[in-house]
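Visitor: predicted model, plus sequence, below.
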Amino acid sequence: MAQSLYTAAIGMKTQQSNIDTIANNIANINTTAFKKSRMNSKEAVYSPLTDPSGDAQDVNLQLGHGALLSGQSKSFEQGIPEETKQNLDVAIQGDGFFAIQTSDNTVEYTRNGNFSSKNVDGVNYLTSMDGNFVLDRNGQKIKCNFPIEQIKIDSNGKITNSKNENEEVATIGVFTFANTEGLKELGNLTYGTTPSSGEAVALADGETEVKQGFLEKSNADIAEEMTELMKAQRAYTFLSRAITTADEMKSIENDIRR
């Protein structure tokens with residue numbers, strides 16, 4: 001009887017984590033370049049039951065112990081590009097990530113192309129909205145001597161001066177990985193490399209498309225998330241009823257003993 005309580009409790013804990021993840025997806029429906037997550041579960045260990053006809057264990061009689069969390073997976077499916085008509089907004093149409101250098105010289109990767117500019121010692125740098133430097137294809141900071149709002153970016157990420165297209169600045173770095181799912185989430189829509197993801201590899205011209213004046217929308221879909229939420233809530237309710245039923249059966253068992 002106690003095992004049924006433990007099994008249901010483990011399942012409820014798993015579904016609670018699932019609901020929390022779905023709620024986070026829904027909360028970020030309108031967040032630029034947000035990537036939805038899913039909780040993964042696995043079966044807990046099975047144990048063989050004793051054959052009531054003897055002492056031998058019958059391998060065909062197995063007792064389950066519920067479902068456990070096995071981790072969280074991130075979906076890097078592309079969100080829809082939305083036109084903003086802002087020169088410093090950039091979206092990636094296809095595979096890849098922008099590279100950002102933080103204040104401690106760590107390189108992070110993001111799909112969020114909501115860029116800004118920063119002037120350092122009279123030189124204009126292309127930065128993320130929180131002031132970190134955007135890197136070019138060679139891993140160098142992108143800088144120019146003219147007002148950075150004048151930049152023109154072609155489909156390969158090449159930056160020129162819109163007032164003088166012969167004045168080439170750099171090419172925005174777009175990087176990919178052997179295993180995107182292996183990236184480590186760092187927060188603020190940025191990711192870091194791990195041994196599982198492999199090192200970043202710069203994409204060449206034509207391997208992906210850069211769109212100036214666009215931002216990538218969240219890839220979380222409200223209809224899908226609400227469907228997943230209802231499924232998780234229904235499972236949670238069933239497990240809650242299982243605990244109530246097990247408790248009632250235990251109460252009846254105690255009354256019989258009296």
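Guide: That came through fine.

Visitor: centroid-nearest residue for the protein?
Guide: Centroid-nearest residue in the chain: residue 74, 3.7 Å away (criterion: Cα atoms, centre = their mean).

Visitor: okay, and the beta partners of it?
Guide: For residue 74, the beta-bridge partners under DSSP bridges are residue 37.

Visitor: residues in contact with residue 192?
Guide: By Cβ atoms under 8 Å, 6 or more residues apart in numbering, the residues touching residue 192 are 106, 108, 109, 183, 184, 186. Yep, even glycine has a C-beta here, placed from its N, CA and C like the rest.

Visitor: what about the nearest residue to it once chain neighbours are set aside, how many residues nearby?
Guide: Of all residues not flanking residue 192 in the chain, residue 184 sits nearest, at 4.6 Å (Cβ to Cβ, 6 or more residues apart in numbering). As a burial measure, residue 184 scores 13 neighbours (other Cβ atoms under 10 Å).

Visitor: kindly state the domain boundaries assigned to this protein.
Guide: Here the domain parsing of the chain from automatic domain parsing is 2-76+220-257, 81-216.

Visitor: out of these, which is the most enclosed?
Guide: domain 81-216 (a mean of 17; mean count of other Cβ atoms under 10 Å).

Visitor: ok, back up a step: ok, so of the contacts of residue 192, who is nearest residue 167?
Guide: Taking Cβ to Cβ as the measure, residue 167 lies nearest residue 109 of the contacts of residue 192, at 28.2 Å.

Visitor: and the contacts of the host helix or strand of that closest one?
Guide: Element membership for residue 109 (DSSP states H and E) is strand 107-110. Outside strand 107-110, the residues that touch it by Cβ under 8 Å, 6+ apart are 33, 97-102, 128, 132, 135, 139, 175, 183, 186, 189-193, 200.

Visitor: go again with 7 Å.
Guide: The contact list for strand 107-110 (Cβ atoms under 7 Å, 6 or more residues apart in numbering) reads 33, 97-102, 135, 175, 186, 189-192, 200.

Visitor: got it, and stretch 77-87?
Guide: Against stretch 77-87 from outside (Cβ under 7 Å, 6+ apart): 33, 91, 93, 149, 151, 211-219.

Visitor: which two in these are spaced the farthest apart?
Guide: It's 149 and 219 that sit farthest apart of the contacts of stretch 77-87, by Cβ to Cβ, at 29.0 Å.

Visitor: what about the chain, any weak spots by pLDDT?
Guide: 1-2, 42-66, 68, 253, 257-258 (pLDDT under 70).

Visitor: all strands for the stretch 1-150 of the chain, in order.
Guide: 37-43, 47-50, 57-63, 67-74, 81-83, 90-93, 97-101, 107-110, 115-120, 123-128, 133-134, 143-144 (DSSP state E, counting those that start in this stretch).

Visitor: no further questions, thank you.
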